[in-house]
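*Asks:* My questions are about this predicted structure, shown below with the sequence.
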Amino acid sequence: MHKFDANILLDCYRRGVFPMAESRNDNSIFLVDPDKRGIIPLDGLHISRSMRKQLRRGEYRISYDGCYDRVVAECARETLDRPDTWINGGIAFLYSQLHKMGHAHSVEVWKGEELVGGLYGVSIGGAFFGESMFSRATNASKVALVYLVGRLNRQGYK
């Protein structure tokens, strides 16, 4: 078990490692250092024809950093498809601290007044580390990802 604060967590990201918990109810946090990482090329994100049509319909409204802690809580919520999560209370607290420091951000997807999808991650320098996403409506998390990639491109991320 590691003792963390937000600055230590930032150093972990700079070294290429990130925290996890065994489950929502496990208070311990451990570091993960994977051999390979998934990278989404910002200049080559494939958006399917059906997704393009859905985006054109405009059924969702997008916001950024509007309810960060709520997005993290939704990502950590147990569902029928996912009975457990790696996001425990300590991890949620650390990422909330990163958000207050300006390093963690969320994308929210709304249908009317209902939060139906979103994602959050950490921004350091020119890199954005996507951490988790959730969807309570068709393709809502994918919509969040498409909008995130567009925003990162506009902000000069490579």
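*Replies:* Structure's in. What do you need? Nothing here was measured: the structure is a model prediction, and the numbers come from that model.
*Asks:* Mind naming the longest helix for the chain?
*Replies:* Ranked by residue count and defined by DSSP state H, the top helix of the chain is helix 140-154.
*Asks:* Give me the contact list for that helix.
*Replies:* For helix 140-154, contacts defined as C-beta atoms under 8 Å, 6 or more residues apart in numbering pick out 40, 42-43, 45, 47, 51, 54-55, 60, 62, 64, 107-109, 111, 116-119, 121, 128, 130, 133-135. Backbone N, C-alpha and C define where each C-beta goes, glycine included.
*Asks:* Cross those against strands and list the overlap.
*Replies:* Those of the contacts of helix 140-154 mapping onto strands are 62, 64, 107-109, 111, 116-119, 121, 128, 130, 133-135, per DSSP state E.
*Asks:* among those, which two are most distant?
*Replies:* Based on C-beta to C-beta, the longest span within those runs between Lys111 and Phe128 and measures 24.9 Å.
*Asks:* Of those two, give the one with the bigger neighbour count.
*Replies:* Higher neighbour count among Lys111 and Phe128: Phe128, with 19 against 15, using other C-beta atoms under 10 Å.
*Asks:* Tell me how many other residues surround His99.
*Replies:* Using other C-beta under 10 Å: His99 sits among 20 other residues.
*Asks:* Report the central residue of this protein.
*Replies:* In the chain, the centroid-proximal residue (C-alpha atoms, centre = their mean) is Tyr120; its distance is 2.3 Å.
*Asks:* Touching, it and Tyr68? I think so.
*Replies:* Yes: assessed by C-beta atoms under 8 Å, Tyr120 is found in contact with Tyr68 at 6.6 Å.
*Asks:* Now do the shared contacts for those two.
*Replies:* Going by C-beta under 8 Å, 6+ apart, residues that sit against Tyr120 and also against Tyr68 are Ala104, His105, Ser106.
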